[in-house]
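Trainee: sequence and predicted structure are below.
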Amino acid sequence: MKYDLFLRYGPALLRGFGVSLLCWIVGSLGGALLGFVIACLYRWSAWPVRWILQAYIEVIRGTPFMIQLFVLYYGGPYAGLVLSPIQSGIVSFVVYGSPYFAEIFRSGFEAIPKGQLEAARAIGIGEFAILRRIMLPQMMVLITAPLTNFVIILSKETAILSVVTVPELLYETQTMAAETFTFVEPFLALSLFYWLLVVVTAELGRRVETYAMRHLRRSASAT
Amino acid sequence: MTADPSQSAVEPIMTVRGLSKWFDDFQALDDISLDVNRSEVLCLIGPSGSGKSTLLRCLNFLERYQAGEVRKEGRLIGWQEGSASPRKPLRPAALREQRRHIGMVFQQFNLWPHFTARQNVAEALIQVQRLGRDEAYSRAEAALDKVNLGDKANNYPSGLSGGQQQRVAIARAIAMEPDIMLFDEPTSALDPELVGEVLAVMKQMAAEGMTMVVVTHEMGFAAHVADRVGFLESGRLVTCRPPADIFGSEPSDPRLRSFLQTYRERNVV
């Protein structure tokens, strides 16, 4: 093992990790936001809107991320959409993740017993307050685990961005490997970075879940 | 007292006229007309599937219906006034404005499990009446006191018995100071020993002059607390008379007679 390689390529790897983090965090947040909007529109719209959203979900879910990325990055300019590698990486991440996020939110919406919503409507509470005060807090308990899971999957999908020359972690790792004719060291570093990301994300997810379940825990101890 | 409500001197708070509702091909309600007078307790009884819950749910427009109308203090509930057929429902904000004055209690309580009893009661005060948190909480506590649950304000629903949960649900409705309360089989999901505490609260509300429409299988409550009892069968309002007429003598209507017979056999009335 050539440990000095880590020192020499450390800054580049860290920069790559930073780019991966940026694409992942912005892409996940954007994807979750878009997915949430899709799930809400789906729930509170008439059939034409639902039909369009369903088609969108099927198309995006039914095609590989790499193809979507290629279409956006190489095909975009033909439609007048010229994006830098990082921009196209983030945008395609948002688009790619949105139907999965939407489905997670939809499953959360459907898990709230109808009677609770009926009670809220019968007393005159508006739909937005129902969503914010009654549905979301209870959904959090159910959807935090699948959300964490999907965000972890997304974190590793960032590696695919290297194919459109986004200078992210895999890209920098491959550069290091090519320049030094080593394999163990660069890919060991790569694995460590991804592992770190996954461990931190999973722990964050657990904390959010514990927080979301606080009323269940307290009421259990109150009996 | 007269059997025909239109001859009564009392001003009805709610009027139902020619109400019919279909679920696809099945007619759940068939040309129902009914008045609910102010400060009256009206019990609706009848076999399962007779349409009594559906009728109740039409009163606050939780169910849409195809024909007829429900008016509260003259105002059409749920539909836009004078809109041609097919009628247009009110805008959501207008419907919410009507519903805030109509309290409802459900068979399954339908409390929000992530809120404490106090929060359950205060929620609509905050979201609908726009009260500040402190005022909403103190009014919520007053409402919980009325249902004898002042000491359970901090409990979550899962830490309450069924009877207590239903009383929180009642407090949630009365905190809004409704003009009329709708009860949809409020004791049907309760263990027998918990029924009494809920009925006691309802009796107290009746004594205080609350207008109540109660769908129930509690014939004792209907017989002793109701001012009038409506009997539904196959979506039709067969009769609506004072309880003495319903439960006292042998009823002339054969459907009502056979319905009450099942209760008499169990020695309930």
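Mentor: Yep, it's here.

Trainee: just the strands in the stretch 51-200 of chain B please.
Mentor: In the stretch 51-200 of chain B, the segments counted as strands under DSSP state E, counting those that start in this stretch are B:67-72, B:75-76, B:102-105, B:180-184.

Trainee: can you tell me the closest non-neighbouring residue to residue A:198?
Mentor: Closest residue in space to residue A:198, ignoring its immediate chain neighbours: residue A:152 at 5.3 Å, by C-beta to C-beta, 6 or more residues apart in numbering or on different chains. To be clear about C-beta, it is placed using only N, CA and C from the backbone, and glycine gets the same treatment.

Trainee: and the helix or strand harbouring that neighbour, what's its mean pLDDT?
Mentor: If you go by DSSP states H and E, residue A:152 is part of helix A:136-157. Per-residue confidence for helix A:136-157 averages out to 89 on the pLDDT scale.

Trainee: check which helices and strands it sits against.
Mentor: The criterion is 3 or more C-beta pairs under 8 Å, 6 or more residues apart in numbering or on different chains; DSSP states H and E, and the helices and strands that helix A:136-157 contacts are helix A:4-44, helix A:85-111, helix A:184-212.

Trainee: what lies in contact with whichever helix or strand comes after that helix?
Mentor: Sequence-wise, the next helix or strand beyond helix A:136-157 is helix A:169-180, with elements assigned using DSSP H and E. Helix A:169-180 is contacted from outside by A:2, A:5, A:9, A:12-13, A:15-17, A:19-20, A:158-159, A:161-162, A:165, A:182-183, A:185-187, A:189-190, A:193-194, using C-beta atoms under 8 Å, 6 or more residues apart in numbering or on different chains.

Trainee: quick one, which of the helices and strands packed on helix A:136-157 is packed in tightest?
Mentor: The highest mean neighbour count among these, using mean count of other C-beta atoms under 10 Å in any protein chain shown, belongs to helix A:85-111: a mean of 21.

Trainee: list the buried residues for the following helix or strand past that helix?
Mentor: Tracing the chain past helix A:85-111, the next element assigned as helix or strand by DSSP H and E is helix A:114-122. For helix A:114-122, the neighbour count (16 or more other C-beta atoms under 10 Å in any protein chain shown) marks A:116-122 as buried.

Trainee: out of the residues you listed, who's near chain B?
Mentor: When C-beta under 8 Å from any C-beta of the partner chain is applied, the members of the buried residues of helix A:114-122 adjacent to chain B are A:116, A:118-122.

Trainee: determine which two of those residues are furthest apart.
Mentor: The largest separation in those, counting by C-beta to C-beta, is between A:116 and A:122 at 10.8 Å.

Trainee: thought residue B:89 was touching residue B:78?
Mentor: Yes: Residue B:89 sits in contact with residue B:78 when judged by C-beta atoms under 8 Å, with a separation of 6.0 Å.

Trainee: now the common contact residues for these two.
Mentor: Between them, residue B:89 and residue B:78 share these contacting residues under C-beta under 8 Å, 6+ apart: B:61, B:64, B:95.

Trainee: show me what contacts the spatially most central residue of chain B?
Mentor: Centroid-nearest residue in chain B: residue B:182, 1.8 Å away (criterion: C-alpha atoms, centre = their mean). Residues in contact with residue B:182 (C-beta under 8 Å, 6+ apart) are B:56, B:59-60, B:102-105, B:212-213.

Trainee: most surrounded residue in these?
Mentor: residue B:103 (28 neighbours; other C-beta atoms under 10 Å in any protein chain shown).

Trainee: flag every residue of the stretch 1-150 of chain B that's near chain A.
Mentor: Counting by C-beta under 8 Å from any C-beta, the stretch 1-150 of chain B comes close to chain A at B:60, B:62, B:92-93, B:96-97, B:99-100, B:102-104, B:106, B:108, B:110-115, B:123-124, B:127-128.

Trainee: and with 10 Å instead?
Mentor: Contacts of the stretch 1-150 of chain B with chain A, taken as C-beta under 10 Å from any C-beta of the partner chain, map to B:57, B:60-62, B:92-93, B:95-116, B:119-120, B:123-129.

Trainee: those in helices, which ones?
Mentor: Among these, DSSP state H puts B:57, B:92-93, B:95-99, B:119-120, B:123-127 in helices.

Trainee: burial count for residue A:84?
Mentor: Residues lying near residue A:84 (other C-beta under 10 Å) number 12.

Trainee: list phi and psi for it.
Mentor: Residue A:84 has phi and psi values of phi -70, psi 160 when expressed as degrees, to the nearest 10.

Trainee: report the contact partners of it.
Mentor: With contacts defined as C-beta atoms under 10 Å, 6 or more residues apart in numbering or on different chains, the neighbours of residue A:84 are A:73, A:90, A:164-166.

Trainee: which stretch of helix or strand covers the residue nearest to residue B:14 when sequence neighbours are not counted?
Mentor: Counting by C-beta to C-beta, 6+ apart, residue B:14 lies nearest to residue B:36, which is 4.1 Å off, once chain neighbours are set aside. Here residue B:36, judged by DSSP H and E, is contained in strand B:26-37.

Trainee: direction included, what does that strand pair up with?
Mentor: In the sheet containing strand B:26-37, its partner strands are strand B:12-23 (antiparallel), by DSSP bridges.

Trainee: and the angle for the longest helix belonging to chain B with strand B:180-184?
Mentor: When every helix of chain B is counted residue by residue (DSSP H), the longest turns out to be helix B:192-207. Relative orientation of helix B:192-207 with respect to strand B:180-184: 160 degrees, computed using axes from the mean of the first three to the mean of the last three C-alpha atoms, to 10 degrees.

Trainee: hmm, which helix or strand of chain A has the shakiest average pLDDT?
Mentor: Within chain A, judged by mean pLDDT, DSSP states H and E, the helix or strand with the poorest mean is helix A:214-222; its value is a mean of 56.
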